[in-house]
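# Just a sequence and a predicted model for now, questions to come.
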Amino acid sequence: MVIEHFRDGAARAAYERAMRDGRGLPEGLEYIDSWVDLEYSRCFQLMRTENQDLLSLWQEGWTDLIRFEVIPVQTSQEAYQHFGRGGRR
């Protein structure tokens with residue numbers, strides 16, 4: 001999970017850049033979906049990669065507009081399996 005914290009008033013500029021140039025994702029980094037808070041101060045993005053270095057590479061192109069917070073997550077199904085429940089509730 002990537003939480004993008006837009007720098008002061010930079011949400012518009014970030015969206016304009018993304019519409020003009022795309023997300024700028026390196027090969028091997030997959031965008032899944034995103035949600036934006038109603039104040040346009042944060043964007044919560046679900047990304048997938050086997051190579052954490054790709055996240056840093058992607059972020060470099062956006063640091064003028066965004067401060068990033070990266071939180072490794074797993075699916076609920078994976079958590080169930082980790083605790084030996086096999087996905088049963």
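Happy to help now that I have it.

# Return the distance of the nearest residue to Y40 once chain neighbours are set aside relative to V36.
Closest residue to Y40 apart from its sequence neighbours, by Cβ to Cβ, 6 or more residues apart in numbering: A11 at 4.0 Å. C-beta coordinates here come from the backbone N, C-alpha and C atoms, glycine included. Noted for A11: a distance of 8 Å to V36, by Cβ to Cβ, to the nearest Å.

# More neighbours: these two, which one.
Applying other Cβ atoms under 10 Å to A11 and V36 shows that A11 carries more neighbours, namely 20 against 15.

# can you pull the pLDDT of the more buried one?
A11 is assigned 97 on the pLDDT scale.

# show me what contacts it?
36, 40-41 (Cβ atoms under 8 Å, 6 or more residues apart in numbering).

# Return the backbone torsion pair for it.
phi -60, psi -50 (degrees, to the nearest 10).

# do the same with N51
Residue torsions, per degrees, to the nearest 10, at N51 are phi -120, psi 100.

# In contact with it, which residues?
So N51 contacts 28-29 (Cβ under 8 Å, 6+ apart).

# what does L46 give?
If you count contacts by Cβ under 8 Å, 6+ apart, L46 has them with 1-2, 31-34, 73.

# For it, name its beta-bridge partners.
D33 (DSSP bridges).

# Now do it against I71, distance only.
L46 is 11 Å from I71, by Cβ to Cβ.

# what sits in contact with each of those two?
Both L46 and I71 are contacted by 1-2, under the criterion Cβ under 8 Å, 6+ apart.

# helix/strand/coil for Q59?
When classified by DSSP: H, G, I helix; E, B strand; the rest coil, Q59 comes out as helix.
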